[in-house]
Each structure stands twice: as structure tokens, then as C-alpha cells.
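> structure for the following, please:
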Amino acid sequence: MGRRGPPPKPTSIKRWEGNLGKRPINHREPTPRDGTPRCPAWLTAEAKKVWRRIVPELRHMRVLTVADGDALAAYCQTYARWKQAEEFIAKHGVAYPIRDDKGQIKFMQPFPQVAIARSLLQLIKTYQQEFGLTPSARTRIEVGEKPGGRLAAFVAHARAVDEAIQRK
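This is a model prediction of the structure:
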């Protein structure tokens, strides 16, 4: 079973807000390097188009780091495969006839691409929520000020104080 409830709030935000829930703070939460991951060469041509389209937007939203490259590649490849399945459905329809020995239609069988498109769309939705690419997902994401801003200075100071306290 998956995790329940909303995703945990980043430690830097808990410190900034004052840890209202009084839950233990993860003092060793990893902070990935800021930057843009490289587009993997193995992505399909369509997935690379998705990458080139979405990376500038994620950078603008300040939710992309170098560590997000694999998740972003999976999103782009999943999107490209979903688009391929949808194009097949648009061209051939959702089902094909299964005929009996006399040539009469017994029933209509859905193309495998219908189930493929449905499952890929669920995966896409998951990736979109992780990256804040839906309106409701954006309401759950809190980004700090741009690097070098007042919040970044405060977080750096809070980390230094926490580390000093832990050393004692």
C-alpha cells in the first residue's frame, strides 16, 4: 500500500514556519544540487520533444534539480508512449470485431492500446503531481524565494544553527 495523506513538508519549510506540528525535524534531509538535468540520449524522439517543452517550465517554477533527471525522463517517455497509444486509438478506434466461423460478429474486442493508454495516463498523472504540473498539485507545492533571497539566507542560517546544536 502507498503512503497515506499529503506528502511530507520539506524541513526548510518546517523550520521557517516554526514546526507547528511538533513532529521531529529531519536535520539531515538531502538537498539536491540546483540545476537542469541532461536529456538522456536513449529517450525516443517524441519523449525528447516533451523534455524540451517541459524543462523550461519546471525551471521557471523552481521545482527542478539535477537529481530529478530520472523521474523527468520517465515522465517524458511515459507521455510519449501514451501519445502513441492515443494516436493508434484515433486512427483505428477503440475496438475490433471478433467473428465466428460464419463471419458474423460475435463481440467487439478492445484494442490493447486502450488499456495501455489508460494505465499510462494514470502514471502521467502521478508524475504531473510530483512535478506540480496540475492546478491542484501546484496548491500543495511551496517554493522558497529565488536563490540568494531572504528565505534562502534564513534557511542557511537555520541549518548552521541546527548543526551547531547537534555538535554540542
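> contacts for stretch 116-130?
Residues from elsewhere that reach stretch 116-130 (CB atoms under 8 Å, 6 or more residues apart in numbering): 71, 74-75, 78-79, 81-82, 85-86, 89, 133-134, 137. Any C-beta I mention is one placed from the backbone N, CA and C, and that applies to glycine too.
> from those residues, which has minimum pLDDT?
Checking pLDDT across these, the minimum falls on residue 137 at 69.
> isn't residue 89 right up against residue 114?
Yes - the pair residue 89 and residue 114 passes the contact test of CB atoms under 8 Å, sitting 6.4 Å apart.
> contact partners for residue 73?
39-40, 43, 47, 51.
> which members of these are classed as buried?
39, 43, 47, 51 (16 or more other CB atoms under 10 Å).
> could you identify the most distant pair in those residues?
Greatest spatial distance in these: 39 and 47, 8.8 Å, computed using CB to CB.
> just the buried residues of the lengthiest helix in the chain, please?
Longest helix of the chain, by residue count under DSSP state H: helix 69-92. Within helix 69-92, the residues scored as buried using 16+ other CB under 10 Å are 69, 72-73, 75-86, 88-89.
> residues in contact with the helix or strand just after it?
Using DSSP states H and E, the helix or strand that directly follows helix 69-92 along the chain is strand 95-99. Strand 95-99 is contacted by residues 105-111, 114 when judged by CB under 8 Å, 6+ apart.
> what about 10 Å?
89, 103-111, 114 (CB atoms under 10 Å, 6 or more residues apart in numbering).
> returning to that earlier point: between residue 39 and residue 47, which contacts overlap?
73, 76.
> which residues in the chain form helices?
Under the criterion DSSP H, the chain contains helices at 11-17, 45-61, 69-92, 112-131, 135-140, 150-167.
> got any ranges where the protein has weak pLDDT?
Residue ranges of the chain with pLDDT under 70: 1-3, 6-20, 137, 139-158, 161-168.
> so how far is residue 21 from the residue of the chain positioned farthest from its centre?
Residue distances from the centre of the chain (CA atoms, centre = their mean) peak at residue 102, which lies 50.5 Å from the mean C-alpha position. Computed with CB to CB, to the nearest Å, the distance linking residue 102 and residue 21 is 69 Å.
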